[in-house]
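# Just the structure for this:
(2 chains)
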Amino acid sequence: MPIECFRVDDRLVHGQVVVGWGQSLRLGFIVLVDDTVAANDWECELYSMGTPPEMTLFVETTDSVVLRLPEFDARADAGMLLTADIPTMGRLVQSAPRIRAVNIGGVHHRIGRTWRLPYVFLSPEDDAALAAIASCGVRVTAQDLPGADEVPLEALLSGGPA
Amino acid sequence: MSSGPPRAVVAGHAGFAAALIELVGCVAGRADVFRAVTNEGCDSRGVEEALRVALREHGASVVFTDLPAGSVAIAARRIAHSDPSVAVVTGASAAMLLDFALGDDASAEALGRAAARARDAIVVHPASGAPRAD
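Got it, this is the predicted structure:
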């Protein structure tokens, strides 16, 4: 079963992911892609502690995950791949053409970012990175939870839905 | 953790913490024991910073969180890793916070007792296997 969802979420493993999406997609595993986390045993252990026992967590670097994608896609259970930021997902899209859709699940406020949705704030650099992802033929939408409406990229880039 | 008067931060999704603290105030008149933190609108770094500020300002060394797999619990564990005097208790409930608020201190024993009280407060009626009226 291929990875069901490629998600950008700056909280990484958290309630919406393991409960909201976990129940809806019947997730059996999560692939957390973050070079900083992957390089730190304690951070890996921290996110493992935050993962429910019925799910398996894999922590990968942006390089290692590309090599392991076929292995993850061949698993019998459903999975979600997480990155904490848009540029990291952009690098994955460039390296792994099998990614056809990206979910923006949580990019919260920081200086330089502007409101697009209650859970999405984007900088001009984020806008450009999302446009670059879409230019690869990838469908980009924002959706925090399975029951919420999908917001198309065009609405995000134009300042948020009317 | 400390042996001083019980003081703690309650943190979780949306209005979870504020509601539980209000409940403690209504039932026991001890809302002052707690300080609420929500993760609303925060990324993981923002949650951690909010917890650090609340712990410092409230003079607390305990964080009660809602979900063990939540962003708040992960942020709290990160703080506890860098400051071993901080304790984290997940799965906070009314019974847990009431026991803590009415206790004498914030020691490991007090936290263990509060957690046990929370587990004991979970009762299913009818018990599994018993016939249901509906």
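
# Name the helix or strand for the residue nearest in space to the middle of chain B, please.
Per C-alpha atoms, centre = their mean, the C-alpha nearest to the average position across chain B is that of residue B:64, at 2.1 Å. Following DSSP states H and E, one finds residue B:64 within strand B:62-65.

# starting at the chain centroid, how far to that strand?
With C-alpha atoms, centre = their mean, to the nearest Å as the basis, strand B:62-65 stands 4 Å off its chain's centre.

# ok, residues contacting it?
Contacts to strand B:62-65, defined as C-beta atoms under 8 Å, 6 or more residues apart in numbering or on different chains, come from residues B:1, B:6-12, B:34, B:51, B:55, B:72-73, B:76, B:79-80, B:86-92, B:96-97, B:100, B:106, B:111. All C-beta atoms are positioned from the backbone trio N, CA, C, and that covers glycine.

# where does chain B come near chain A, residue by residue?
Counting by C-beta under 8 Å from any C-beta of the partner chain, the residues of chain B close to chain A are B:13, B:39, B:41-44, B:46-47, B:66-71, B:73-74, B:77-78, B:81.

# gap between residue B:22 and chain A?
21 Å (C-beta to the nearest C-beta, to the nearest Å).

# follow-up on the earlier one: could you find the closest non-adjacent residue to the residue nearest to the centre of chain B?
Spatially, and ignoring its direct neighbours in sequence, residue B:64 is nearest to residue B:92 (3.9 Å; C-beta to C-beta, 6 or more residues apart in numbering or on different chains).

# Pretty sure that neighbour sits in a helix.
No: Residue B:92 sits outside any helix when classified using DSSP: H, G, I helix; E, B strand; the rest coil, being coil.

# what's the distance between the longest helix belonging to chain B and the middle of its chain?
The single longest helix within chain B, with elements called by DSSP state H, is helix B:44-58. Offset of helix B:44-58 from its chain centre (C-alpha atoms, centre = their mean): 14 Å.

# what helices or strands is it leaning on?
On a contact count with 3 or more C-beta pairs under 8 Å, 6 or more residues apart in numbering or on different chains; DSSP states H and E, helix B:44-58 meets strand B:8-12, strand B:34-38, helix B:71-82.
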